[in-house]
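Asker: this one's sequence-less:
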């Protein structure tokens, strides 16, 4: 079980770690962590499925923004541009990197969940409704958004009229409860339709 800070904890508990803060465990963690500053922010599968970690925020950014407007290396000020006590609902169009990494979808497709709202992670981390997902997909010519960032009990959850899927690949992520993990199998069928099928690994 990993949890929110499990990777760093695992590194510190390895047998080759030592009390000295410059030990191999700490150095490995920091170097591996820095590698994320250079990793792709998103992926486009068969020009039809956008994959991001968090979500689409208010949906106003574009695929071209993800291709050409991401500075390298990424810095913490870009990933977390607001202070913890900031309660203002910000314009996600101006901080699309933060929103692609940390925003969450609304749990419901109902009319009351339409649009954008502040979420439990803070008002600056947008929660977006099914209408935002629909408009984003239409404007960018994609059929679906696949994202992670939230534990789901069955490992995956189809939302927003089938246009958004949350998939979580870490089984038994939290220590206090079990969860399944999942992956998505994406393949063309005999009729040239792109099919997405979830595969689950049951939690224990």
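Answerer: Looks like it came in fine. Here the structure is a predicted model, which is why all the values come from computation and not from measurement.

Asker: what about the strands in the protein?
Answerer: Under the criterion DSSP state E, strands of the chain are mapped to 42-45, 49-52, 104-105, 116-119, 122-128, 144-147, 156-159, 164-167, 181-188, 194-201.

Asker: do a quick rundown of the helices in the protein.
Answerer: Listed in chain order, the helices found in the chain under DSSP state H are 6-13, 24-35, 63-68, 76-79, 96-102, 130-140.

Asker: hang on, the earlier thing: which one of the strands of the chain has the lowest average pLDDT?
Answerer: Note on the strands of the chain: strand 122-128 shows the lowest mean pLDDT, a mean of 80.

Asker: what's the angle from that one to helix 130-140?
Answerer: Going by axes from the mean of the first three to the mean of the last three Cα atoms, to 10 degrees, strand 122-128 is angled at 70 degrees with respect to helix 130-140.

Asker: strand partners (parallel or antiparallel) of strand 122-128?
Answerer: strand 104-105 (parallel), strand 116-119 (antiparallel) (DSSP bridges).

Asker: now what about the shortest one, what contacts it?
Answerer: Contacts made with strand 104-105 from outside it, assessed by Cβ atoms under 8 Å, 6 or more residues apart in numbering, are listed as 54-55, 119, 121, 125-130, 133, 147, 149-150, 159-160, 164, 166. C-betas here are computed from N, CA, C, even on glycine.

Asker: list buried residues within the residues you listed.
Answerer: Among these, those classed as buried by 16 or more other Cβ atoms under 10 Å are 54-55, 119, 125-130, 133, 147, 149, 159-160, 164, 166.

Asker: quick check: of those residues, which lies closest to residue 199?
Answerer: Of all those, residue 199 sits closest to residue 166, with 14.8 Å by Cβ to Cβ.

Asker: gap between the closest one and residue 68?
Answerer: According to Cβ to Cβ, to the nearest Å, residue 166 stands 27 Å off from residue 68.

Asker: again with residue 38
Answerer: Remark: distance between residue 38 and residue 68 (Cβ to Cβ) = 16 Å.

Asker: circling back to that earlier point, just send the helices of the chain back as TSV, with distance to residue 47 too.
Answerer: As requested, the helices of the chain are arranged in TSV below (distance: least, Cβ to Cβ, whole Å):
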stretch	distance to residue 47
helix 6-13	33
helix 24-35	27
helix 63-68	10
helix 76-79	27
helix 96-102	18
helix 130-140	10
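
Asker: of these, which stretch is the most buried?
Answerer: helix 96-102 (a mean of 22; mean count of other Cβ atoms under 10 Å).

Asker: just checking, what packs against that helix?
Answerer: helix 63-68, helix 76-79, strand 122-128 (3 or more Cβ pairs under 8 Å, 6 or more residues apart in numbering; DSSP states H and E).

Asker: show me the contact partners of the first one.
Answerer: When contacts are taken as Cβ under 8 Å, 6+ apart, the neighbours of helix 63-68 outside the stretch itself are 41-42, 44, 50, 96, 100, 140, 142.
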